[in-house]
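Undergrad: have a look; sequence and predicted model below, questions after that.
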Amino acid sequence: MSWKAFKLLQMNSKHELTGKGVLGLILLVLLAQTGLAQVFPLDFEYSKRTEYLLDAGYFWEDQQLEHPLPAKGVRWESEHTAYRWMLKSFDRWGSKIDAARDKSRNGIGVVAMPGLGFASQSGDAKTYDDVALQPRMLVNFIFHENIYGGIYSQATNEAASMPHFTGVARDRSRFGFDTGEFDQAYLGIKGDWYQVEYGRNRNIWGPLTENNLVLSANQPSYERLSVTLSFWKMKARYFYGFLEAYEEPGTQNVFQRYISGRMLEYSNGKNFLLGLGEITILSGIDRPLDLAFLNPIALHLETDQNNRSNATSADFNNAVWVSYLDWYAFNQLRISTTLLMDEFQLDDEDREEGRPDNMAYLGRLAWTPQFARSRWMGVTLFSEYLRINTYTLQHFVGTNNFVSRGELLFHPIGNDADRYEVGGRMVFGWPMILEAAYGSYRWGENSIINDPYSDFADSFIDQPFPSGRYHENTYLRLDISAEPLPGLQLGLETHMDLDSNTDGTFNSDLETYTAYLRYQIPLVFGGGQ
């Protein structure tokens, strides 16, 4: 593989902490031989560019099924293809993490990235009107190489302009902004074989860096405890989080909503990853923390069937099982798949009554042939098909749907929907990327996007897909992004409707044109005695 000559710099280092008695021994085990790495937020183009580089064969020694990938310095000086500038940009940011870690050996190292963004949108399906101002502040810190944390705050005058933003708008604005939030606020500790993190963040699981089938990048952040254990070529991942307190409309019922996930991941460290996972939504009126699901080993099915949950009924727990594959196979072809099972009818009686299987599928191919790589341009051809069945990731108790704060926890197309795309991407030697795709998107009248907390208590029967009178949109997507100066990002994202079955009040139009400009300044400071 081409990346072997330019693999990531290793960040492993040794740090010894002595102590007395059992406490000292425990601290010694936890803090010894660590290799700390932190991530940058999705909004910094970090995740998109990671995907582009993975498609081209880079970063596979560090590829995993949880995203974003850790940031650290990379070697780019000997790279003589169009990807050189992108690698250099990753190194510019990742080296800041390296520098902060060096400063933390005897104290604390801090990476601060203040930034400001602007966005404007037009088109028949635009979601906001004014020019959006988007100030951001990222602060990552590392203490004695092992303990880390991060705060990422945002504010804006147009909440719809920012993906996965769920800050509550106020009646009065301050300095021109009427809403803001801490999208991330967490603390953690990491060693060679473990990582424990608590705080506000999101778990993005799957082969892709952003739009995965479930636990996608569009999900709101939430408070959660996350644990990762590494052994041989395996990783065991677990998290437990609090989504929200949801007040049922028209009642005084307040549902406490939680999420739990576990996954076993295998990587050969070269070009192949495989994963199996389970993700569960829990809810109940004034429901306390459920210790049964705080158990990282026990599975949902066994817990429910043996009444080990603190729910009054198994109806208040809803789990899905997911398998993942990501393979940089041969001739620079990348194969990424996800299969999700929500309900699978094993009983003939259920099938005779017309109850369907609740499944979802994602398949993606990306080909970056060697002959299409030069100093001036790199070309990737890709195709993707995605289908989420009518009732998948939904429940006959609406508070157990895979949503939070009114937003989806899974792919933004919603359920009762499918979409395919074919297209190509050109990475130019001058810092610019052009991506074009042709696609078709359908969604039915029972789609959860119409009402995120709707249930299917009276309608769980097999029916044509997509259900009812469905929407259909055929489109051309054209995205252009550039980085003319270090830290300065500008771009244009377009969705041009080629055809839709819009008819009067039945609207399937999705046409939007979004222009953006962002600037971040990475700063490093710290140290100690």
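TA: Received the coordinates, thanks. Numbering: from 1, shown residues only.
Undergrad: give me every residue that touches residue 133.
TA: Residues in contact with residue 133 (Cβ atoms under 8 Å, 6 or more residues apart in numbering) are 116, 117, 118, 156, 157, 158, 176, 177. Where you see a C-beta, it was placed from the backbone N, CA and C, and this is true even at glycine.
Undergrad: show me the beta-bridge partners of the last one.
TA: This means residue 177. residue 174 (DSSP bridges).
Undergrad: on that earlier part again, least confident of the contacts of residue 133?
TA: Least confident entry in the contacts of residue 133, by pLDDT: residue 176, with 80.
Undergrad: burial count for the nearest residue to that residue once chain neighbours are set aside?
TA: Counting by Cβ to Cβ, 6 or more residues apart in numbering, residue 176 lies nearest to residue 157, which is 5.7 Å off, once chain neighbours are set aside. Number of residues near residue 157 (other Cβ atoms under 10 Å) recorded here: 18.
Undergrad: how about residue 157, what does it touch?
TA: 130, 132, 133, 173, 176, 177, 178, 179.
Undergrad: one step back: out of the contacts of residue 133, who's the most crowded?
TA: Using other Cβ under 10 Å as the neighbour test, the contacts of residue 133 are led by residue 156, with 25 neighbours.
Undergrad: beta partners for the nearest residue to that one once chain neighbours are set aside?
TA: Nearest residue to residue 156, sequence neighbours excluded (Cβ to Cβ, 6+ apart): residue 134, at 5.1 Å. Using DSSP bridges, the bridge partners assigned to residue 134 are residue 117.
Undergrad: so who does residue 134 touch?
TA: By Cβ under 8 Å, 6+ apart, the residues touching residue 134 are 116, 117, 118, 119, 154, 155, 156, 161, 162, 518.
Undergrad: please apply the same query to residue 357.
TA: Contacts of residue 357 by Cβ under 8 Å, 6+ apart are 341, 343, 344, 345, 389.
Undergrad: with pLDDT added, can I get these in CSV?
TA: Listed next are the contacts of residue 357 as CSV, based on pLDDT from 0 to 100:
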residue, pLDDT
341, 95
343, 79
344, 70
345, 62
389, 96
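Undergrad: helix, strand or coil: sort out residue 212 for me.
TA: Recorded secondary structure, residue 212: coil (DSSP: H, G, I helix; E, B strand; the rest coil).
Undergrad: quick one: which of the contacts of residue 134 is nearest residue 430?
TA: residue 518 (18.8 Å; Cβ to Cβ).
Undergrad: identify the residue nearest the closest one in space, chain neighbours excluded?
TA: residue 117 (4.0 Å).
Undergrad: do you know the pLDDT at the residue nearest to residue 156?
TA: 95.
Undergrad: swap in residue 28?
TA: pLDDT, the model's per-residue confidence, is 35 for residue 28.
Undergrad: quick one: the strands in the stretch 151-300 of the chain?
TA: 179-190, 194-201, 204-205, 222-231, 234-247, 254-267, 272-285 (DSSP state E, counting those that start in this stretch).
Undergrad: for residue 69, see how far away the nearest residue to residue 271 once chain neighbours are set aside is.
TA: Among residues not flanking residue 271 along the chain, residue 328 sits closest, at 4.0 Å (Cβ to Cβ, 6+ apart). For residue 328, the distance to residue 69 equals 15 Å [Cβ to Cβ, to the nearest Å].
Undergrad: neighbour count winner among those two?
TA: The neighbour count for residue 328 versus residue 69, taken as other Cβ under 10 Å, is higher for residue 328 (24 against 21).
Undergrad: next up, the contacts around that one.
TA: Residue 328 is in contact with 1, 54, 57, 60, 271, 272, 334, counting by Cβ under 8 Å, 6+ apart.
Undergrad: so the third one makes contact with residue 332?
TA: Yes. With contact defined as Cβ atoms under 8 Å, residue 57 and residue 332 form a contacting pair (6.1 Å).
Undergrad: wait, residue 151 touches residue 185, no?
TA: Yes. With contact defined as Cβ under 8 Å, residue 151 and residue 185 form a contacting pair (5.1 Å).
Undergrad: thinking again about what came up before, point out the most buried one among the strands of the stretch 151-300 of the chain.
TA: strand 204-205 (a mean of 24; mean count of other Cβ atoms under 10 Å).
Undergrad: please name the strands paired to that one in the sheet, noting orientation.
TA: Counting by DSSP bridges, strand 204-205 is paired with strand 66-67 (antiparallel).
Undergrad: now the top helix by length along the chain: mean pLDDT?
TA: Scanning the chain for the helix with the most residues, using DSSP state H, yields helix 84-104. Helix 84-104 shows a mean pLDDT of 89.
Undergrad: circling back to that earlier point, among the contacts of residue 357, who's most crowded?
TA: Neighbour max across the contacts of residue 357 (other Cβ under 10 Å) = residue 389, 25 neighbours.
Undergrad: quick one: contacts for that residue?
TA: Contacts for residue 389 (Cβ under 8 Å, 6+ apart) come out as 342, 356, 357, 358, 359, 360, 415, 416, 465.
Undergrad: equivalent analysis for residue 333, please.
TA: 365, 366, 367.
Undergrad: how close does it get to residue 56?
TA: On the measure of Cβ to Cβ, residue 333 and residue 56 end up 12 Å apart.
Undergrad: quick one, helices of the stretch 1-150 of the chain?
TA: Assigned by DSSP state H, counting those that start in this stretch, the helices in the stretch 1-150 of the chain fall at 21-31, 46-55, 84-104.
Undergrad: the residue nearest to residue 271 and residue 237, how far apart?
TA: 22 Å.
Undergrad: between the contacts of residue 133, which sits nearest residue 297?
TA: residue 156 (41.5 Å).
Undergrad: correct me if wrong: residue 181 contacts residue 152.
TA: No. The criterion here is Cβ under 8 Å, and residue 181 misses it with residue 152 at 9.5 Å.
Undergrad: I'd like the helices of the stretch 1-150 of the chain laid out as TSV, including mean neighbour count.
TA: Converted to TSV, the helices of the stretch 1-150 of the chain look like this (neighbours: other Cβ atoms under 10 Å):
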stretch	mean neighbour count
helix 21-31	12
helix 46-55	22
helix 84-104	21
